[in-house]
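>>> Return a 3D structure for these sequence lines:
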Amino acid sequence: MIIFLHGPDTFRSGQKLKEIILQYQARHKSGLNLSRLEWGGGTLAELKNIFSSVSMFGEKKLVIVKNACSDKKEEQEDLIDLLENRKINKDPDVIAVFFETGNPQKSLLFDWLKKKSEMVQDFENLGGVKLSNWIKKEAENLGGQISADAIQKLTGYVGSDLWQIHSEINKLVSFKSGRPITPEDVDLMVRPKIDPNIFATIDALAARNKNLAYKLLHQHLSQGENEIYILSMFVYQFRNLLQIKSLIEQGVLPAALAKKTGLHPFVIKKSWSQVRNFSLDVLKKIYERLLNLDLAIKRGRIEPQTALDLIVNEIAS
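Residues are numbered from 1 along each chain as shown. The predicted model follows:
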């Protein structure tokens, strides 16, 4: 029997692999017939030995092979020959799990595994309703509750990275001790994850380069980034610019900005060139506009992507 797990979402694929291992260990206690192999030089010979050896105590064998699909074509052909000659996909006494972090392109083994495996699961990155439902369920699994607004705030801060989301939910559930997680809790406990490319988009806005700003914005979207996440990053950065501009006008020296604001020096450095392109009044108006659009999205009065296009048009004009 062959199981094939792959896809960019390594959190959920890793959970599935862990589930398979735990189910196997519950039935086969010795642990002597469980093998974990990271593909590399000598792995093929190791697999041959495992498949040829007699199983201890009459147990099934569980063999986990990670990242074999990116090897040279010749190695992939040899592995396919081994699997076909041993009829592993039909062997009831062997469970071979092939685990790939991603979708290798034009891979002979990848295509073969998709056709021949008894179970194939593609773990794509979650987004939209699927991501919100996953977060809600994950909070419940950890013994907590989270409101819909808090879910939106959380994904806005950290995107769709389930490794970080799981860590943040765990922290929030412990903090709340059984009480529902609110947007205010997310604001208090979660530090926004800044994509450096967001600064490039805001640089284009600050320079009033509308064409470049639109191009960069739609690059973010085409790469699968969540519209709410992008808008949250705009809110976060323009809040920073407003805070920095206000302090500068109060006479605070550049060297003291990081200490005064609590922002990372990298954020201060990137913000310094942007803030010179805006007056304090303009930054206040932009920040208020961003907050109003965020509220309009939450109330269903405007689509997130439309809101982003409006922001680019208004700031860069």
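>>> could you measure L22 against V173, distance?
With the distance defined as Cβ to Cβ, to the nearest Å, L22 ends up 22 Å from V173. (C-beta placed from N, C-alpha, C; glycine too.)
>>> Between these two, point out the one with more neighbours.
Neighbours were counted for L22 and for V173 using other Cβ atoms under 10 Å; V173 has more, 21 against 9.
>>> part of a helix, is that one?
Yes: for V173, which was evaluated using DSSP: H, G, I helix; E, B strand; the rest coil, the result is membership in a helix.
>>> domain ranges for this protein?
In the assignment given by automatic domain parsing, the structural domains of the chain cover 2-122, 128-189, 196-316.
>>> For the last one, measure first residue to last.
If I follow you right, that is domain 196-316. Taking Cα to Cα, to the nearest Å, domain 196-316 runs 20 Å from one end to the other.
>>> and the longest helix for the protein?
Of all the segments assigned as helix in the chain under DSSP state H, the longest by residue count is helix 227-249.
>>> mind listing what's buried in that helix?
227-238, 240-245, 247-248 (16 or more other Cβ atoms under 10 Å).
>>> Repeat that for stretch 115-132.
Buried residues in stretch 115-132, defined by neighbour count with 16+ other Cβ under 10 Å: K116, S117, F123, N125, L126, G127, L131, S132.
>>> Ok, stretch 38-49 next?
Applying a neighbour-count criterion of 16+ other Cβ under 10 Å, the buried positions in stretch 38-49 are W39, T43, L44, L47.
>>> any residues touching that stretch, and which ones?
The set of residues external to stretch 38-49 that reach it, using Cβ atoms under 8 Å, 6 or more residues apart in numbering, is 35, 37, 63, 65-68, 70-71, 75, 78-79, 82.
>>> now stretch 110-120
1-4, 6, 69, 80, 83, 89, 98, 100, 103-104.
>>> I'd like those as a markdown table, with pLDDT appended.
Output for the contacts of stretch 110-120, formatted as a markdown table (pLDDT from 0 to 100):
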| residue | pLDDT |
| --- | --- |
| M1 | 95 |
| I2 | 97 |
| I3 | 97 |
| F4 | 97 |
| H6 | 94 |
| C69 | 92 |
| I80 | 96 |
| L83 | 96 |
| N89 | 92 |
| F98 | 97 |
| E100 | 93 |
| N103 | 70 |
| P104 | 70 |
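>>> L293: which of those is nearest?
Out of the contacts of stretch 110-120, the one with the shortest distance to L293 is N103. That distance is 35.0 Å, counting by Cβ to Cβ.
>>> was I right about the closest one contacting P8?
Yes: contact criterion Cβ atoms under 8 Å: N103 and P8 qualify, at 7.4 Å.
>>> residues contacting the nearest residue to E100 once chain neighbours are set aside?
Setting aside the residues directly before and after it, E100 is nearest to H6 in space (Cβ to Cβ, 6 or more residues apart in numbering), at 3.8 Å. Under the criterion of Cβ under 8 Å, 6+ apart, the neighbours of H6 are S13, C69, F98, F99, E100, T101, G102, N103, F110, Q121, D122, F123.
>>> List the ones among those residues that fall in helices.
Using DSSP H, S13, F110 are the members of the contacts of H6 that sit in helices.
>>> and the contacts of H6, which are buried?
If you count burial by 16+ other Cβ under 10 Å, the buried members of the contacts of H6 come out as S13, C69, F98, F99, E100, T101, G102, F110, F123.
>>> Closest to G159 out of those?
G159 lies nearest to F123 out of the buried ones among the contacts of H6, by Cβ to Cβ, at 16.4 Å.
>>> and the nearest residue to the closest one once chain neighbours are set aside, what does it touch?
Leaving aside its chain neighbours, F123 sits nearest to G7 (3.4 Å; criterion: Cβ to Cβ, 6+ apart). Listed by Cβ under 8 Å, 6+ apart, the contact partners of G7 are S13, E100, G102, N103, Q121, D122, F123, E124.
>>> Over to N277?
Each residue near N277 by Cβ under 8 Å, 6+ apart is listed here: A206, A207, R208.
>>> ok so, going back, how about the CA coordinates for the longest helix of the chain, as PDB?
These are the backbone C-alpha positions of helix 227-249, laid out as PDB (Å, rounded to 0.1, in the frame of the first residue of the first chain):
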ATOM      1  CA  GLU A 227      -6.700  40.600   0.700                       C
ATOM      2  CA  ILE A 228      -7.500  41.100   4.400                       C
ATOM      3  CA  TYR A 229      -3.800  40.400   5.200                       C
ATOM      4  CA  ILE A 230      -2.600  43.000   2.700                       C
ATOM      5  CA  LEU A 231      -5.100  45.600   3.900                       C
ATOM      6  CA  SER A 232      -4.000  44.900   7.500                       C
ATOM      7  CA  MET A 233      -0.400  45.400   6.600                       C
ATOM      8  CA  PHE A 234      -1.300  48.800   5.000                       C
ATOM      9  CA  VAL A 235      -3.100  49.700   8.200                       C
ATOM     10  CA  TYR A 236      -0.200  48.600  10.300                       C
ATOM     11  CA  GLN A 237       2.400  50.500   8.200                       C
ATOM     12  CA  PHE A 238       0.400  53.700   7.900                       C
ATOM     13  CA  ARG A 239      -0.200  53.600  11.600                       C
ATOM     14  CA  ASN A 240       3.600  53.400  12.000                       C
ATOM     15  CA  LEU A 241       4.100  56.300   9.600                       C
ATOM     16  CA  LEU A 242       1.600  58.400  11.500                       C
ATOM     17  CA  GLN A 243       3.300  57.700  14.800                       C
ATOM     18  CA  ILE A 244       6.800  58.400  13.500                       C
ATOM     19  CA  LYS A 245       5.700  61.600  11.700                       C
ATOM     20  CA  SER A 246       4.000  62.800  14.900                       C
ATOM     21  CA  LEU A 247       7.200  62.200  16.900                       C
ATOM     22  CA  ILE A 248       9.400  63.800  14.400                       C
ATOM     23  CA  GLU A 249       7.300  67.000  14.500                       C
END
